[in-house]
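In: Kindly generate the corresponding structure for this input.
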Amino acid sequence: MRTTAVRRAVLTASALSLTLLATACGSGSGDSGAEADGKADPKQSASAPAAAAKGKSAAELAPLLVTQADLPEHKVEPDAAAKAGAEQNAAPDKAECKPLVQLQTLVPLGKPAGTATVAATEKPKKPAEGASVEDKLDALKGGLAVTRTSVGLASYDDKGAQEAFGALKAATTACAGGYTVTQGTESTKIEKVGSSAAVTAGDESLAYNTVMDLKDGDKATMQFVVVRKGDTLATFYAMNVTGEAAQPKAVVEAQAKKLG
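Out: Next up, the predicted model:
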């Protein structure tokens, strides 16, 4: 493998790691309004507002996540980066870009009732038996080029899922020209936000990509997909240390299928 290729992979991995880790939750009880025999006042019952729908808890979401059995061509494991994201306090230079930064740093959008996460990484292809040294080197290089996807589920009370989805969709338009993410003394420049191949899943879906400046003339493209199914959002963040992540279609399709 050429030295420059290794250097680029290491540089890109370092920058993307920063992004991941800077990136890789009434009424009173008196008798007023009730009849003497303890029955509720029909007028009061008729005018009482309907109780807000409740989102799913973390325990209810966990069985809905994709598993190894759902993605045999990937390695599925707990997403350690997702646990670290909320502690990094990453912030954009533009308030309207906050939903994009939240997804980029694996922080749940809005105020979910429950969340669950997992990571799915493509399995590298092994060289054929009896392969030449050159083919083995190509396979080794290919092993670095796999796409890793952070998958998150978040469920919301009432209309929280629709609101979070709407805020993210609006941000992709408002921040199309790019933004800067700051965490501590480190900053990461996102040069632009663009549309990716359309995804048809759930009740509504959104697919976009961001281009990150690696500060040495190189760029890194990351892929994002968000699918809303009822009160639940499924989010997907795909990155690749070569700098060019592919949209994680197999992961999105498998997760969408589990949500129904």
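
In: any idea how far residue 150 is from residue 121?
Out: Using Cβ to Cβ, to the nearest Å, we find residue 150 at a distance of 10 Å from residue 121. Yep, even glycine has a C-beta here, placed from its N, CA and C like the rest.

In: And the two? Which one has more around it.
Out: residue 150 (25 against 16; other Cβ atoms under 10 Å).

In: Give me the neighbour count for residue 229.
Out: Neighbours of residue 229 under the rule other Cβ under 10 Å: 21.

In: going forward, begin numbering at 232 instead of 1
Out: Fine by me, first position is 232 from now on; the one you just mentioned is residue 460.

In: That one: what's it in contact with?
Out: Shown in contact with residue 460 (Cβ atoms under 8 Å, 6 or more residues apart in numbering): 432, 433, 434, 487, 490, 491.

In: Phi and psi next, for the fifth one.
Out: The main-chain torsion angles of residue 490 are listed as degrees, to the nearest 10 and equal phi -80, psi -20.

In: Show me the beta-bridge partners of the spatially closest residue to it that is not a sequence neighbour.
Out: Nearest non-adjacent residue to residue 490, counting by Cβ to Cβ, 6 or more residues apart in numbering: residue 460, 4.3 Å away. Residues in a beta bridge with residue 460, per DSSP bridges, are residue 463.

In: where does this protein have its least confident helix or strand?
Out: Sorting the helices and strands of the chain by mean pLDDT, DSSP states H and E puts helix 234-252 at the bottom, at a mean of 47.

In: got the residue ranges for the strands in the stretch 382-491 of the chain?
Out: Ranges of strands in the stretch 382-491 of the chain, per DSSP state E, counting those that start in this stretch, are 410-414, 417-426, 435-444, 450-460, 463-471.

In: so what does the last one touch, helix or strand wise?
Out: So that's strand 463-471. On a contact count with 3 or more Cβ pairs under 8 Å, 6 or more residues apart in numbering; DSSP states H and E, strand 463-471 meets helix 234-252, helix 329-335, strand 378-386, helix 391-405, strand 450-460, helix 480-490.

In: Please pull up the helix or strand immediately following the shortest one.
Out: On the C-terminal side of helix 329-335, the closest following helix or strand by DSSP states H and E is strand 345-353.

In: just checking, what packs against that next one?
Out: For strand 345-353, the helices and strands in contact under the criterion 3+ Cβ pairs under 8 Å, 6+ apart are helix 289-292, strand 305-308, helix 311-316, strand 378-386.

In: Done for today, thanks.
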